[in-house]
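coordinates only, sequence not included:
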């Protein structure tokens, strides 16, 4: 058993390759004792804003929404976000830590001649620094931002755009994400999917299931059949 | 100062006229000590499921999503949801408590000849029992469910359907909700809006503001200029 005929592997970025809660340290440094709460609420709100903007047809780039959701979070928690603190926290988003196994797995997949790409809601100004500071640009064939089409994942348009860019057939692609809504979107759009279930969570009850689930990217080799 | 020319007042239902956390008591009765956590996560997931289904174009009725989000919540928290407990909790949704001022305010608005309606994501099977057990059907000119068009708020199609049903001009309508995403959607769709800010929260940073904010429905009379 295994997924056959895969030639292209597409990764989500935030939460999948990079740990968004690595901004926690910076949050806690700037707001001692509140780091975990701010970073977790910030992330929730950032997602919610992308969902709402997608539904109301009012796209704004992800960096702007990341800023706006930070402002909301601080206002709602009653903590003072100075311009300097805001700048520092947004900068932290450009140097998020990747999960520990990412580099070695990407290198191995590249050696095995898979075409590799990321497909992210992040705007290019957020995405490129992240991919470059880790050197993943050497390993990836494409860095795809939905900003080109101004449609956020999990809308079908976002995934279809990824496919257009990769110039391959849908059935050759495997899409990986840690975000359940992202897997649901990609599966609904006809991709084969692997859920990177890093936190040992349960999958959503939305009538769609990933083709496979793994705890981290190292387990991917056991899922793909070459 | 005040909103002029209003002839039709449209209310959201869940969180606006009815307290969704009044299922808390039932949750706590069935899962002692976990009532607050289950009811609050259940509500969050219910919303998230409606957002995701709207974005991926995979509509299912709200009662089904309410059940599915309850199942997810219990599974994720590791509590056993028997068929009997599920049935009891879903029944609790049909007899939610209205906020204390709702009846008197609806009665006064009806006496003042405003056309009154609700516009809800709730499916008819959830919505009608709720409106009937409180007797609000006597006061409302229409009970509108997005289920007719299978597009969830905050999508523009949902609000436009409300307008079609009410057979009035957009500028005659005032839309009220406690949910910030709902106000954002209605405002973006061109309605005048009043945010019922029951929990003294802060409004979202999505480039849209309500025309007015009130703490509960009693304050509405100070906002509308007749």
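Now that the structure is in, tell me what you want to look at. Just so it is clear, the structure is predicted and the values come from calculations on it, not from any experiment.

doesn't residue A:22 make contact with residue A:43?
No - using C-beta atoms under 8 Å as the test, residue A:43 is too far from residue A:22 to be in contact (11.2 Å). (Glycine included, C-beta is placed from N, CA and C.)

Who has more neighbours out of the two?
residue A:43 (19 against 16; other C-beta atoms under 10 Å in any protein chain shown).

Remind me which helix or strand that one belongs to.
Residue A:43 is part of helix A:35-56 when elements are defined by DSSP states H and E.

Now do that helix and helix B:35-56, the angle between them.
Helix A:35-56 and helix B:35-56 are oriented at 40 degrees to each other (axes from the mean of the first three to the mean of the last three C-alpha atoms, to 10 degrees).

by contact count, what packs against helix A:35-56?
Applying 3 or more C-beta pairs under 8 Å, 6 or more residues apart in numbering or on different chains; DSSP states H and E, one finds that helix A:35-56 contacts helix A:24-30, helix A:62-77, helix B:35-56, helix B:180-188.

Report the buried residues of that helix.
Neighbour-count burial for helix A:35-56 flags A:35, A:37-39, A:41-43, A:45-56 (criterion: 16 or more other C-beta atoms under 10 Å in any protein chain shown).

I'd like to know the average pLDDT value across that helix.
For helix A:35-56, mean pLDDT is 95.

Repeat that for stretch A:145-164.
98.

who does the least confident helix or strand in chain A by mean pLDDT pair up with?
When the helices and strands of chain A are scored by mean pLDDT, DSSP states H and E, strand A:224-225 comes last with a mean of 88. Counting by DSSP bridges, the strands paired with strand A:224-225 are strand A:3-4 (parallel).

following the partner strand, which helix or strand shows up next?
Sequence order places strand A:8-11 as the next helix or strand after strand A:3-4, per DSSP H and E.

residues touching the closest residue to residue A:105 other than its chain neighbours, list them.
With sequence-adjacent residues excluded and distances taken as C-beta to C-beta, 6 or more residues apart in numbering or on different chains, residue A:105 is closest to residue A:217, at 4.2 Å. Neighbouring residues of residue A:217 by C-beta atoms under 8 Å, 6 or more residues apart in numbering or on different chains: A:99, A:101-102, A:105, A:176, A:196.

Now do residue A:92 against chain B, distance only.
19 Å (C-beta to the nearest C-beta, to the nearest Å).

is it true that that residue touches residue A:24?
No - judged on C-beta under 8 Å, residue A:92 makes no contact with residue A:24 at a distance of 9.3 Å.

So what does residue A:126 look like in phi/psi?
Backbone torsions for residue A:126, taken as degrees, to the nearest 10, come to phi -90, psi -40.

Please name the nearest non-neighbouring residue to it.
Nearest to residue A:126 is residue A:63, by C-beta to C-beta, 6+ apart, at 5.1 Å.

Report how many residues lie close to the one you found.
The burial count for residue A:63: 18, using other C-beta under 10 Å.

Quick check, pLDDT for it.
Reported pLDDT for residue A:63: 97.

How about the residues of chain A by chain B?
With the criterion set to C-beta under 8 Å from any C-beta of the partner chain, chain A comes near chain B through A:48-49, A:51-58, A:60, A:68-69, A:71-72, A:75-76, A:152, A:154-156, A:181, A:184-185, A:188-189, A:201-202, A:204-207.

Select only the buried ones of the residues you listed in PyMOL?
Buried members of the residues of chain A next to chain B, defined by 16+ other C-beta under 10 Å, are picked up in PyMOL with:
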select buried, chain A and resi 48+49+51+52+53+54+55+56+58+60+68+69+71+72+152+154+155+156+181+184+185+188+189+204+205+206
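
quick revisit: would you quantify the distance from the residue nearest to residue A:126 to residue B:100?
44 Å (C-beta to C-beta, to the nearest Å).

thinking again about what came up before, can you pick the most crowded of the contacts of residue A:217?
Of these, residue A:176 is surrounded by the most neighbours, 26 neighbours in total, counting by other C-beta under 10 Å.

Can you tell me the SS state at that one?
Of the three states, residue A:176 takes strand under DSSP: H, G, I helix; E, B strand; the rest coil.

can you pull the contacts of it?
Residue A:176 neighbours (C-beta under 8 Å, 6+ apart): A:9-12, A:16, A:193-196, A:217, A:220.

Residue ranges of each domain in chain A, please.
What automatic domain parsing lists as the domains of chain A is A:8-17+A:99-222, A:20-95.

Now do stretch A:107-115: everything it contacts.
A:6-9, A:116, A:139, A:141, A:166, A:168, A:220-221, A:226.

just those residues now: which is nearest residue B:120?
Here the nearest of those to residue B:120, counting by C-beta to C-beta, is residue A:166; it sits at 41.1 Å.

separation between the residue nearest to residue A:216 when sequence neighbours are not counted and residue A:107?
Of all residues not flanking residue A:216 in the chain, residue A:101 sits nearest, at 5.4 Å (C-beta to C-beta, 6+ apart). With the distance defined as C-beta to C-beta, residue A:101 ends up 11 Å from residue A:107.

same thing with residue A:64?
Taking C-beta to C-beta, one finds residue A:64 at 34 Å from residue A:107.

low-confidence ranges in chain A?
Along chain A, segments meeting pLDDT under 70 span A:1.

thinking again about what came up before, export the domains of chain A to TSV and tack on distance to residue B:146?
Output for those, formatted as TSV (distance: least, C-beta to C-beta, whole Å):
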stretch	distance to residue B:146
domain A:8-17+A:99-222	18
domain A:20-95	12
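
which one of the ones you listed lies closest to residue B:131?
Once those are compared by C-beta to C-beta, domain A:20-95 is nearest, at 25.6 Å.

Any idea how far apart the tips of that closest one sit?
End-to-end distance for domain A:20-95: 10 Å, by C-alpha to C-alpha, to the nearest Å.

Now find how far off-centre it is within its chain.
Distance of domain A:20-95 from its chain centroid, counting by C-alpha atoms, centre = their mean, to the nearest Å, is 16 Å.

Throw the helices and strands packed on helix A:35-56 into a markdown table and include distance to residue B:135, thanks.
Formatted as a markdown table, the helices and strands packed on helix A:35-56 follow (distance: least, C-beta to C-beta, whole Å):
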| stretch | distance to residue B:135 |
| --- | --- |
| helix A:24-30 | 49 |
| helix A:62-77 | 36 |
| helix B:35-56 | 25 |
| helix B:180-188 | 24 |
